[in-house]
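Undergrad: Dropping a prediction and its sequence here:
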Amino acid sequence: MKTSAAKSPGPTQKFRALAPMVLDLVIPIAGFYVLHQLVGLDQVWALTLAGAAGGLWALIHTIRRRKLDVIGLLVVLEMALTVALLFLSDDPRLVAAKPSFYTLLAAVYLLLTCVAGRPLVYVAATPMATDGDPDRTVAYEQAWERSQPFRTRERMVTAAFGLAALVDSVLRVFVVYSFDVDKFNESFLLSQLPGIVLIVAVLLFTKSQIKVLHGLVDEVHDQLAAEGAIGPRPDADQPATVADETRGTNKAREADEALNGATR
């Protein structure tokens, strides 16, 4: 049985994975300043419409997948909270602090998956880690069942995302309410910085774990191949052939003769 090589995620896959995260950061910030500074909308409406644009992107992504998962539920909650805040308060700081609500929910969910069930990052990374290859999918699944180091590292990465979301939700509220309303523009911009720094830090940490995780899946893949459950990895070390062994023996003999000649 043959299997395609387990390849690292290509640029297109990486972009698709990071696009929602990048857009969640860029759209609210850019949208607010365009609507408030250039169009002239007041702060509350500018924040609301900019946030709705980001939520709309996430909603479209959910519809395309035809699955209302945790992300989809957070989007629904965000949209409902946005509408409610329009009638409850005209304080832009409250609207700016709104993302902390669903960021906190996301943090709690991420951390819960570390102790119950399978970590969210493990589940979310399946398409990139297996690249649609049936044998690699089996190896990835069995890596969770067989490898304690694999499970530990998957939980570590998921916990890192969860803790980053938790810290971001707290710092966002702290920064927004550390300024008066008349300095809201400055506080809104500053409130985004902790999230950006934390995301970059978590992504760098995740990148440092990918090679190790890949190697752990390779080990399980090789075990399963030896058991005859799946095909071998094309990039696995192949047994030495007779010709290879003969060449190795000849090279060793030549080295011995050269050494003996030098000592005479």
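TA: Now that the structure is in, tell me what you want to look at.
Undergrad: Every contact and neighbour count from this point should use C-alpha atoms.
TA: Noted.
Undergrad: and the longest helix for the chain?
TA: helix 184-226 (DSSP state H).
Undergrad: Low-confidence stretches in the stretch 151-264 of the chain?
TA: Counting by pLDDT under 70, the ranges of the stretch 151-264 of the chain that qualify are 236-264.
Undergrad: Val157 against Val121, yeah?
TA: Yes - if you go by Cα atoms under 8 Å, Val157 and Val121 touch, sitting 7.1 Å apart.
Undergrad: ok, the two, which is more surrounded?
TA: Just comparing Val157 and Val121: by other Cα atoms under 10 Å the higher neighbour count belongs to Val157, 23 against 19.
Undergrad: ok, the more buried one to Val181 distance?
TA: 37 Å (Cα to Cα, to the nearest Å).
Undergrad: cool, Phe174 as well?
TA: Where Val181 is concerned, Phe174 sits at a distance of 14 Å (Cα to Cα).
Undergrad: what does Val115 give?
TA: Taken as Cα to Cα, the span from Val115 to Val181 is 41 Å.
Undergrad: Report the buried residues of the helix or strand where Glu141 lies.
TA: Here Glu141 sits within helix 134-146, counting by DSSP states H and E. Neighbour-count burial for helix 134-146, counted by 16 or more other Cα atoms under 10 Å, picks out 135-141, 143-144.
Undergrad: same question, stretch 115-132
TA: Buried residues in stretch 115-132, counted by 16+ other Cα under 10 Å: 118-122, 128-131.
Undergrad: again with stretch 206-216
TA: Applying 16+ other Cα under 10 Å to stretch 206-216 flags 206, 210, 213-214, 216 as buried.
Undergrad: Please convert those to JSON lines, extending it with distance to Leu94.
TA: Output for those, formatted as JSON lines (distance: Cα to Cα, whole Å):
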{"residue": "Thr206", "distance to Leu94": "32"}
{"residue": "Ile210", "distance to Leu94": "38"}
{"residue": "Leu213", "distance to Leu94": "41"}
{"residue": "His214", "distance to Leu94": "43"}
{"residue": "Leu216", "distance to Leu94": "46"}
